[in-house]
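Predicted coordinates and the sequence they were generated for:
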Amino acid sequence: MSEETFIHLCNKLRPAMERRDTNFRVCVPLKKRVAFALWKLATGSEYRSVGHLFGASISTACQCVKEFCAAAETLLVPEQIRFPDQERFKEMAAYVENRWGLPQCIGAIDGSHIPIIAPQHYHCDYFNRLAGSLHDARVLRLSTLWELASRGNHIPANTRNIGWVNVGYYILEDSAYPLQNWLLKPFIDTGRLTAEQQVYNMKISRTRVVVENAFGRLKGIWRCLMKRNDCSVDLVKSMVLTCCALHNLCESHGESYESAWDPPSAAEPVLALPQPVEEEGRDVREALMRYLNS
């Protein structure tokens, strides 16, 4: 993070984080408080190491991180993580079509595992890839995105005739998710795919890689998301949101990124569960397949 972006971040969070000296205690300066939190999020170091590095106690380091994440949720997240407006949807669709040749596509979706210590209560629900964990599709169905998009309240109705079908905006996904008019995924490779289906899968996968790259860059910089997080579940959620907002801030400020920071590439296994019969999205997928093979 450049000094310019650091100063911008400090000024952004100043209303919620700045403290005044008292007759009994000199407060930790704002820049140092922000530096505490950034170092913790960027390295995943223990609070003891963070406090030692900055010459402060463990409790001070812990408090600074909590206050930073709370301030970021209030002041930074709403600015950096928000649903696009109609004009932005048009820009995204045009960008994807110009770069990858997919019409009406506005993005891609995926999941990424963040290790934590399971809480004492209902700890079995936090076992990853075991009976208590959630399938990727279930996570999506419990999200606000699913609720809004299914009601037609998120993605604007902007259709285009493709292969004799009126196709609206859609998001790309992998085979773990359900097929919908606004969610398109590859054909499952059973070894008997047609040449047209193979072309469709190749072009979908080539475009979908953007979400994998985004997670890679996110975890490559904010490495607290890679190792097991020993904080409470509530604070972990706040830290994840904060890291996502910081990621967007750095991207918008043109901060540099080196490929050497990429986390080790390891495909995350998908919990195998029976998939429901898919009724929606088949006509749209077939129309797009014909378009990509024309």
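Arrived safely.

make it CA atoms for all contacts and neighbour counts henceforth
Fine.

so how far is residue 26 from residue 110?
Separation of residue 110 from residue 26 (CA to CA, to the nearest Å) stands at 46 Å.

okay, those two: which has more neighbours?
residue 110 (16 against 10; other CA atoms under 10 Å).

Please, which helix or strand holds the more buried one?
Assessed by DSSP states H and E, residue 110 sits outside every helix and strand.

now do residue 207
Using DSSP H and E, residue 207 falls in helix 195-221.

Does that helix pack against any helices or strands, and if so which?
Applying 3 or more CA pairs under 8 Å, 6 or more residues apart in numbering; DSSP states H and E, one finds that helix 195-221 contacts helix 86-100, strand 105-108, helix 233-252, helix 282-292.

swap the cut-off to 10 Å and go again
For helix 195-221, the elements it packs on are helix 30-43, helix 86-100, strand 105-108, strand 170-172, helix 233-252, helix 282-292, judged by 3 or more CA pairs under 10 Å, 6 or more residues apart in numbering; DSSP states H and E.

orientation of that helix relative to helix 86-100 in degrees?
110 degrees (axes from the mean of the first three to the mean of the last three CA atoms, to 10 degrees).

Verify the stated contact: residue 186 with residue 206.
No - between residue 186 and residue 206 there is no contact under CA atoms under 10 Å: 11.2 Å.

Looking at these two, which is more packed in?
residue 186 (19 against 11).

Please report how far the closest residue in space to that one that isn't next to it in sequence lies from residue 253.
Closest residue to residue 186 apart from its sequence neighbours, by CA to CA, 6 or more residues apart in numbering: residue 201 at 5.1 Å. Taking CA to CA as the measure, residue 201 falls 34 Å from residue 253.

Residue 198 too?
The value you get for residue 198 to residue 253, if CA to CA is used, is 38 Å.

Could you do residue 91 as well?
In terms of CA to CA, residue 91 sits 19 Å off from residue 253.
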